[in-house]
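S.K.: Mind folding the following:
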Amino acid sequence: MELPPSHYPAARAAALAAGYACYRRGGPGRGLALRAVRRAGGQDIDGVGRKYHLELVLEEVRDKDSTVNCTAEVLYHLGNKNIAPDVQFTIEGELKNTDEADNIFYNRIKSLEKELVAENIPDSHGNVSPEMEPIRLLAWAASGYVIWQNSTENTKFQLAQIKHVKQVKRSDEYLEFDYRVLLHEMVSQEIIPWQMTVLWHPQHGVQVTQDSRQPKHALE
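M.R.: From the prediction side, this is the model:
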């Protein structure tokens, strides 16, 4: 069934698909965000759940003029809140190559004498310093995983801010960061603190090894 692109449930499914695509294809050199929903369709699958067929436009977080088309399918499972939605997506055309930016970031962090620690990204004026931009984009990609795992048909999450990030020393080639972030749930207007442990390597992409919703008082 064809749906208007502004249809709220379709828009929520589109935001989830964009978050998932960013988790799979993003990193410190690239963040992807939903620019527009071009087409949407929905179908109820008996005994399984509700499926959305979507045509999206994704934009690069750092370069709003850089966009790609994306087709996606999102299946929300009936009644079971503990199963993450099934998301499949195909990006049409090429994403900008980020190898150089990824390697510069990787080598910079690897060569630090003390582990990186930072907080409040962006700051209260919405600013992100150039050296923290890759840290923010990595959180953007990692939060795509959290959003995917915790979304239902009635939610729409977005990363609002990194409250705190700390690099964790490792003996292997991966970079590890411990993030405390704030997620904005657009439907309830709730701000939810979340902890996530993120591994990254230029060849292997983003992995979230551990994440947990934090109590409200963690906002303080």
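S.K.: C-alpha from now on. contacts and neighbour counts both.
M.R.: Noted.
S.K.: mind listing the strands in the protein by residue range?
M.R.: Here the chain has its strands, by DSSP state E, at 2-3, 32-45, 49-60, 67-77, 86-92, 117-121, 157-168, 175-185, 190-201, 205-213.
S.K.: Need the contact partners of the longest one.
M.R.: Residues external to strand 32-45 that are found in contact with it (C-alpha atoms under 8 Å, 6 or more residues apart in numbering): 1-6, 10-11, 14-15, 18-19, 21-22, 26, 50-61, 141.
S.K.: do the same with the last one
M.R.: Applying C-alpha under 8 Å, 6+ apart, the set of residues contacting strand 205-213 from outside is 23-27, 138, 141-142, 145-146, 192-200.
S.K.: Now with 10 Å, please.
M.R.: Strand 205-213 has contacts (C-alpha atoms under 10 Å, 6 or more residues apart in numbering) with 22-28, 138-139, 141-146, 150, 174-183, 192-201.
S.K.: among those, which ones are buried?
M.R.: Among these, the ones that count as buried by 16 or more other C-alpha atoms under 10 Å are 22-28, 138-139, 141-146, 150, 174-183, 192-201.
S.K.: list the contacts for the residue nearest the centre of the chain?
M.R.: Closest to where the C-alpha atoms of the chain average out (C-alpha atoms, centre = their mean) is Gly144, at 2.4 Å. Going by C-alpha under 10 Å, 6+ apart, Gly144 touches 15-24, 26, 32, 138, 150, 157-159, 208.
S.K.: repeat for Glu59
M.R.: Per C-alpha under 10 Å, 6+ apart, neighbours of Glu59: 18, 31-36, 65-69, 95.
S.K.: Low-confidence ranges, this protein, go.
M.R.: 218-220 (pLDDT under 70).
S.K.: Relative to its centre, which residue of it is most distant?
M.R.: The chain, C-alpha atoms, centre = their mean, max distance from centroid: Asp46 (30.1 Å).
S.K.: mind listing what that residue touches?
M.R.: Taking C-alpha under 10 Å, 6+ apart, we find Asp46 in contact with Leu78.
S.K.: ditto for Ala72
M.R.: Each residue near Ala72 by C-alpha under 10 Å, 6+ apart is listed here: 13-14, 17-18, 21, 40, 52-56, 87-91.
S.K.: just Asp123 next, same as before
M.R.: Contacts of Asp123 by C-alpha under 10 Å, 6+ apart are 129, 161-163.
S.K.: farthest-separated two in those?
M.R.: For the contacts of Asp123, the maximum inter-member distance is 14.8 Å, found between Ser129 and Lys163 (C-alpha to C-alpha).
S.K.: So the two - more neighbours on which side?
M.R.: Lys163 (21 against 11; other C-alpha atoms under 10 Å).
S.K.: wait, doesn't that one sit right on Ala139?
M.R.: No. Counting by C-alpha atoms under 10 Å, Lys163 does not reach Ala139; the two are 11.0 Å apart.
S.K.: shared neighbours of these two, anything?
M.R.: Both Lys163 and Ala139 are in contact with 179-181, where contact means C-alpha under 10 Å, 6+ apart.
S.K.: between those, which is nearest Leu78?
M.R.: Val181 (29.2 Å).
S.K.: quick one: the residue nearest to Gly19 when sequence neighbours are not counted from Ala15, how far?
M.R.: In this structure, Gly19 finds its nearest non-sequential neighbour in Gly144, 4.2 Å apart by C-alpha to C-alpha, 6 or more residues apart in numbering. Using C-alpha to C-alpha, to the nearest Å, Gly144 is found at 10 Å from Ala15.
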